[in-house]
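Chemist: Give the three-dimensional model of this entry:
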Amino acid sequence: MFRFSGWSRRVAAALVLCAATLAAPSQIQPSAAQAAAPPLTTPWTAQVSPANALPEYPRPQLVRTEWQNLNGLWQFAATGAIDDPPVGQNLAEQVLVPYPIESGLSRIQRHEDRMWYRRTFTVPSSWSGRRVKLNFGASSWETRVWVNGTRAGTHTGGYDPFSFDVTSALRAGANEIIVGVWAPVDAAGHPIGKQRRAPGGIFYTAHSGIWQTVWLEPTAAAHITRLDTVPDVAAGQLDLVVQAAGVSGQGVRAEVLTGGQVVGSATGSAGAHLRVPVPNARLWSPDDPFLYDLRVTLTGSGGGDAVTGYFGMRSVGKAMVGGVLRPTLNGRFLFQMGTLDQGYWPDGISTAPTDAALRFDLEQQKALGFNTVRKHVKVEPARWYYWADRLGLLVWQDMPSMRTGASPSAGDRANFESELRRMVDHLRGVTSIVQWVPFNEGWGEYDPARIADLVKSWDPTRLVNNNSGSNCCGFDGGNGDVVDDHIYVGPGSPQRPSATRVAVLGEFGGLGLRTPGHEWPGTGFAYEMTPNAATLTSRYVAINEQLKPLIVNNGLSASIYTQPTDVENEVNGLWTYDRQVRKIDAARVLAVNRSVIASATGLVTGSLVSLRVTTAGFTDRFLRHADSLARTDVVTASSPDALKQDATFVVRPGLSNSACHSLESRDFPGHFLRHAGFRVRKDARDGSALFDQDATFCARAGQGGTGVSLESVNLPGHFLRHHAEAVYVARGGGPNVWDTPASFAADVTWLPATPWWRSGADLTVGAAQSLRVTTAGFTDRFLRHSDSLARTDVVTASSPDTLRQDATFVVRRGLAEGSCYSFESRNFPGHYLRHADFRVRKDARDGSALFDQDATFCAQPPRAGTTGVSLASYNIAGHHIRHYAEAVHIAVPGGPHAFDSPASYDADVTWAVAAPWAP
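Modeler: Next comes the predicted model:
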């Protein structure tokens, strides 16, 4: 233990120095350590000084009240080796810790492979008799530490915290710390994320040396080193393991508090599982990010250490919802709509200039309606996760990748797995983290299946994504909990979920806008450039609207947009790199983000839906209308067409409140479900305010645990309920027989399902038809086949017979789905229009299920501002038959192909149904 010897407390106290002040035997004045400004400054750059470099306590989940911050000016020198520390020697430069040396804030602003840091400090006299720990939030990559010439220890790794007990090396008065760091970046095979010695494109400036807070703190001989918290929502308790050092089997007392009041406590031993009760737990979610306080004390003869922390009660999992595997939070499916957050700053590179700046990025993403952040191939300081927990943002945590273009050696792999394990252990108590991502796009990838299983064995409480972007790069191990595609600009056609893996779009977007005066030196680029903020916003809205059918029809459960801010020469941020300019219309982005998340209920404005009963024993029944009254009936694939149509509704904005919904009959346009005398019925809209109110229902989280409940807008507390086959608006415990509380929660919960009738527009089965282009300037062209490929050509009364026959098709019931359509060639019976690799062609039916699906198209009403019908692919969501440069494809606006161009998309996919050229 550290003790003062021969020094009075008065003298010792006089030697206590401010944590931010560099104290050396021969001090260099701070004024001599000025450096050029960063290439780009943020609103917080000028707030940073040697006296206030990140002054906050750096470890929110393991807090001690006594500590000394060592951030501030240190002496600095480049070196060729870090074997022999320059003990007692002044170094020529100064560096502002904890900013990495490449950053403008560090005052070095260049890379060095090897470097020395040096400063002095004095230990407060009040710490006498206790151990003294020297803590580093992170330093990249190999870090060696000496105190008063004595080697304190060595750490390898660029992203995890580490500590050394320096008690035995301390002396009264001034103490000297020397830190040597080797930072090879991509010259070696260590995890580096996007750091590069020669940055460019999607790779960025390195962050070398100390890049997180350095601090001292006193501890007892037996002391707590980590709190591993796992909420057990089902049991109403916190599973806590208190990691401790100094004494084995140390007694522990843990207390859960809220508002300063203890609500649960437990005692046990360090290293063992404590189950601390959390009665009537308030669950953490993005909508209610409630956190409990935690107080842990070591007891017994070696005790005395006490720390505080926090945690949230929430569960993470996956479950079948409506026959689709979905990720769940607290047992419910929540569409995870996030950003690809890279965590770079023009002034601090990897290190935010201030805690307020760190918080700002997350606050702005939350304010735009995002509920998720993918922390991309970087690990942040602990306070970043604190703000994610506090603000309510789900986090996908990537492991920083190894370098690209080189196969990792056996040593690289062993080190990678060591750093990966340390990252999981370090962050396992973070409430907001719901997914681990060991690999990204194959960068440094090896054994993805084994690594995914390894991570799952370390932490079975979260989902594991074995390789984000396996569709484009690297390879898919086939296991884990997630199948993850990257599609730019997208969203394209991500893979569907399987029986074991949820489907997510791990990257898409990348829409760019140049902002002169707010750009990093170099040439800005993006996956798609836009000319102004209005266009950028409109394109953002358009590609995110395309997520809705993917969520409802393809089982998509999450999307990650690239990206919240510009990063160096990438100008595809919603904000500029300097955080000075928001490039999009915030209100429009917020609105579309909220609507996408809401669409996960299955109620997507303008789309078709069928609503299934969720009450046990009746889950084969659906909401339908019959003789103008709403009721439930069994509907199956063999049910008559009329019943399927009666059980299908068009979701409209609420007639009296556009934030809610109205349900229009599929087969009686202009007729809506409404309540009258509590009975729900189908009536024609009569233009009255009362009708519009009676026909408006607001979606609420399903009271039965999944699905959606529909609350009457003008009878609050009354929900759409089935009772003895009839349907009412009911209030649990109300005066009517249909208000009975028995099975109320299940009876008012409906599961939006694939519509029983999938076409929203009607074509005449058996009729010969021709389909005319509606795009201005091309309305004399018709869909036809030629040499087995679909294309458009001008067709007139004087055209050859063959051309007119090629431009005529017989409408058939859909080969794969009877509520959709297939188009048989007029002059090649048995040949149908179908898509293959997105190209539409005419082929003979081959009897396969795939052919029938490829040849089935669901007719939908015309796109906005057009007249006619659009033909949606049955088996590739969001894609419609489109003419493009004479050829015909199935296309999605903003997809990866040239024919997915958003320009004139709505007109290009709209066809006028015309009299046949060859009857």
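Chemist: Pull out the buried positions in stretch 874-887.
Modeler: Neighbour-count burial for stretch 874-887 flags 874, 875, 876, 877, 878, 879, 880, 881, 882, 883, 884 (criterion: 16 or more other C-beta atoms under 10 Å). Every C-beta, even on glycine, is put in place using the N, C-alpha and C of the backbone.
Chemist: ok, the fifth one touching residue 546?
Modeler: Spelled out, that is residue 878. Yes - between residue 878 and residue 546 there is a contact at 5.2 Å, judged by C-beta atoms under 8 Å.
Chemist: Serialize the buried residues of stretch 874-887 to TSV and add fields for secondary structure and distance to residue 389.
Modeler: Rendered in TSV, the data for the buried residues of stretch 874-887 read as follows (DSSP: H, G, I helix; E, B strand; the rest coil; distance: C-beta to C-beta, whole Å):
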residue	secondary structure	distance to residue 389
874	coil	43
875	coil	41
876	coil	39
877	coil	34
878	coil	35
879	coil	39
880	strand	42
881	strand	47
882	strand	45
883	strand	51
884	strand	47
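Chemist: Now tabulate those residues in JSON lines and tack on distance to residue 513 and pLDDT.
Modeler: Listed next are those as JSON lines, based on distance: C-beta to C-beta, whole Å; pLDDT from 0 to 100:
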{"residue": "874", "distance to residue 513": "37", "pLDDT": "94"}
{"residue": "875", "distance to residue 513": "35", "pLDDT": "89"}
{"residue": "876", "distance to residue 513": "30", "pLDDT": "88"}
{"residue": "877", "distance to residue 513": "29", "pLDDT": "83"}
{"residue": "878", "distance to residue 513": "25", "pLDDT": "84"}
{"residue": "879", "distance to residue 513": "27", "pLDDT": "91"}
{"residue": "880", "distance to residue 513": "28", "pLDDT": "95"}
{"residue": "881", "distance to residue 513": "32", "pLDDT": "98"}
{"residue": "882", "distance to residue 513": "27", "pLDDT": "98"}
{"residue": "883", "distance to residue 513": "30", "pLDDT": "97"}
{"residue": "884", "distance to residue 513": "26", "pLDDT": "96"}
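Chemist: which among these gets closest to residue 199?
Modeler: Taking C-beta to C-beta as the measure, residue 199 lies nearest residue 878 of the buried residues of stretch 874-887, at 35.9 Å.
Chemist: re the thing from before, what do residue 878 and residue 546 both touch?
Modeler: Applying C-beta atoms under 8 Å, 6 or more residues apart in numbering, one finds that residue 878 and residue 546 are jointly contacted by 491, 892.
Chemist: If you drop the residues flanking it in sequence, what lies closest to residue 200?
Modeler: residue 569 (7.4 Å; C-beta to C-beta, 6 or more residues apart in numbering).
Chemist: Tell me how many other residues crowd the one you found.
Modeler: Using other C-beta atoms under 10 Å, residue 569 has 19 other residues around it.
Chemist: do residue 914 as well
Modeler: With other C-beta under 10 Å as criterion, residue 914 counts 15.
Chemist: got it, and residue 198?
Modeler: 10.
Chemist: Tell me who's in contact with the spatially closest residue to residue 745 that is not a sequence neighbour.
Modeler: Of all residues not flanking residue 745 in the chain, residue 703 sits nearest, at 3.9 Å (C-beta to C-beta, 6+ apart). Contact analysis of residue 703 by C-beta under 8 Å, 6+ apart lists 709, 719, 744, 745, 746, 748, 749.
Chemist: out of those, who has the most neighbours?
Modeler: Most surrounded of the contacts of residue 703: other C-beta under 10 Å gives residue 748, at 29 neighbours.
Chemist: which phi and psi does it have?
Modeler: Dihedral pair for residue 748: phi -100, psi 10, per degrees, to the nearest 10.
Chemist: And the pLDDT at it?
Modeler: pLDDT, residue 748: 96.
Chemist: That one is in contact with residue 721, isn't it?
Modeler: Yes - using C-beta under 8 Å, residue 748 is in contact with residue 721, at 4.7 Å.
Chemist: Mind putting the buried residues of stretch 874-887 into a markdown table with distance to residue 521?
Modeler: As requested, those are exported to a markdown table (distance: C-beta to C-beta, whole Å):
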| residue | distance to residue 521 |
| --- | --- |
| 874 | 50 |
| 875 | 47 |
| 876 | 42 |
| 877 | 42 |
| 878 | 39 |
| 879 | 41 |
| 880 | 43 |
| 881 | 46 |
| 882 | 41 |
| 883 | 44 |
| 884 | 38 |
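Chemist: Residue 358: which of these is nearest?
Modeler: residue 878 (36.7 Å).
Chemist: Point out where the chain drops to low pLDDT.
Modeler: Applying pLDDT under 70 to the chain flags the ranges 1-35, 301-303, 704-705, 864-865.
Chemist: 50 instead, please
Modeler: 1-33 (pLDDT under 50).
Chemist: Which helix in it has the most residues?
Modeler: helix 410-427 (DSSP state H).
Chemist: tell me which residues of that helix are tucked away?
Modeler: By neighbour count on 16+ other C-beta under 10 Å, the buried set for helix 410-427 is 412, 413, 415, 416, 417, 419, 420, 422, 423, 424, 426, 427.
Chemist: list the helices and strands the helix or strand that contains residue 683 packs on?
Modeler: Element membership for residue 683 (DSSP states H and E) is strand 679-684. Other helices and strands packing on strand 679-684, by 3 or more C-beta pairs under 8 Å, 6 or more residues apart in numbering; DSSP states H and E, are strand 629-634, strand 671-676, strand 726-730.
Chemist: please redo it, this time with the cut-off set to 6 Å
Modeler: strand 629-634, strand 671-676 (3 or more C-beta pairs under 6 Å, 6 or more residues apart in numbering; DSSP states H and E).
Chemist: Just say which of those strands is most tucked in.
Modeler: strand 671-676 (a mean of 21; mean count of other C-beta atoms under 10 Å).
Chemist: what's the angle from that one to strand 679-684?
Modeler: Strand 671-676 and strand 679-684 are oriented at 140 degrees to each other (axes from the mean of the first three to the mean of the last three C-alpha atoms, to 10 degrees).
Chemist: And the contacts of strand 671-676?
Modeler: 630, 662-665, 680, 682-685, 694-695, 729 (C-beta atoms under 6 Å, 6 or more residues apart in numbering).
Chemist: How about the contacts made by the nearest residue to residue 526 once chain neighbours are set aside?
Modeler: Distances taken as C-beta to C-beta, 6+ apart place residue 512 nearest to residue 526, at 2.2 Å, with adjacent residues excluded. Residues near residue 512 by C-beta under 6 Å, 6+ apart: 526, 529, 571, 572.
Chemist: Relative to residue 520, how far out is the third one?
Modeler: If you measure residue 571 against residue 520 using C-beta to C-beta, to the nearest Å, the figure is 9 Å.
Chemist: The last one too?
Modeler: As defined by C-beta to C-beta, residue 572 lies at a distance of 13 Å from residue 520.
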